[in-house]
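Colleague: Sequence first, predicted model second:
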Amino acid sequence: MGDILVDANVLIDYCSSNNVRSVLRLIAHQLGPLYVPGPVLSQVHQLSKQQCARLGLILVEPTLEQMVQASERPWRLSFEDALCVLLARTNKWTCLTNDRRILQVCSDLSVKTWRGFRPMIELVRTGALDSARAAAAAEDIRRSNPFHITPAIVQDFRRQIGLP
């Protein structure tokens, strides 16, 4: 499918349980390389460098120039969020995020984006992930992040993967 850069909010959601965490491995192996910027990983206390390696996630360190540019906080984003946009734009990666501001900036810059559940939709469509397991993972994410992942979002996801 292509190279994907994942931001902190999606990583945190996918680390909500071991069931969901294993889906990261599927994304990395079935949909394309899954990159995690080092400064973004430092925001995800549920995941270590060693766990990233076991899941097939690729840790990427930005250049000094990218770090300086991100520290100037372009687009009024946090340093880590600006770094995600810069890396995705520079490398022509898809930015995997649920952050509305990142989604808007990426859209303005013609950077391809996916929302958090989109990789699971693609995995179900390709047969790499069973729809019942995907639905269970989405529900685990909703339980761990009920403020941002609402029942309506999970219901829409279920519809997209062919479940009632």
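Modeller: Thanks, I have the structure now. Numbering: from 1, shown residues only.

Colleague: any chance you could map the strands in this protein?
Modeller: Using DSSP state E, the strands of the chain run over 4-6, 34-37, 57-60, 94-96, 113-114.

Colleague: Partner strands of the second one and their direction?
Modeller: For strand 34-37, the pairing partners within the sheet under DSSP bridges are strand 4-6 (parallel), strand 57-60 (parallel).

Colleague: highest average neighbour count across those strands?
Modeller: strand 4-6 (a mean of 27; mean count of other C-beta atoms under 10 Å). To be clear about C-beta, it is placed using only N, CA and C from the backbone, and glycine gets the same treatment.

Colleague: Just the residues contacting that strand, thanks.
Modeller: With C-beta atoms under 8 Å, 6 or more residues apart in numbering as the test, strand 4-6 has contacts from 27, 31-37, 40, 57, 60, 84, 87-88, 91, 93-97, 114, 119.

Colleague: quick revisit: in TSV: the strands of the chain, plus mean pLDDT and distance to Q66.
Modeller: Output for those, formatted as TSV (pLDDT from 0 to 100; distance: least, C-beta to C-beta, whole Å):
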stretch	mean pLDDT	distance to Q66
strand 4-6	98	12
strand 34-37	98	9
strand 57-60	98	10
strand 94-96	98	14
strand 113-114	98	19
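
Colleague: With E72 as the reference, name the closest of those.
Modeller: strand 34-37 (16.5 Å; C-beta to C-beta).

Colleague: State the number of residues packed around the closest residue to F79 other than its chain neighbours.
Modeller: Closest residue to F79 apart from its sequence neighbours, by C-beta to C-beta, 6 or more residues apart in numbering: A70 at 5.2 Å. A70 has 23 neighbours, counted by other C-beta atoms under 10 Å.

Colleague: cool, L103 as well?
Modeller: L103 has 16 nearby residues by other C-beta under 10 Å.
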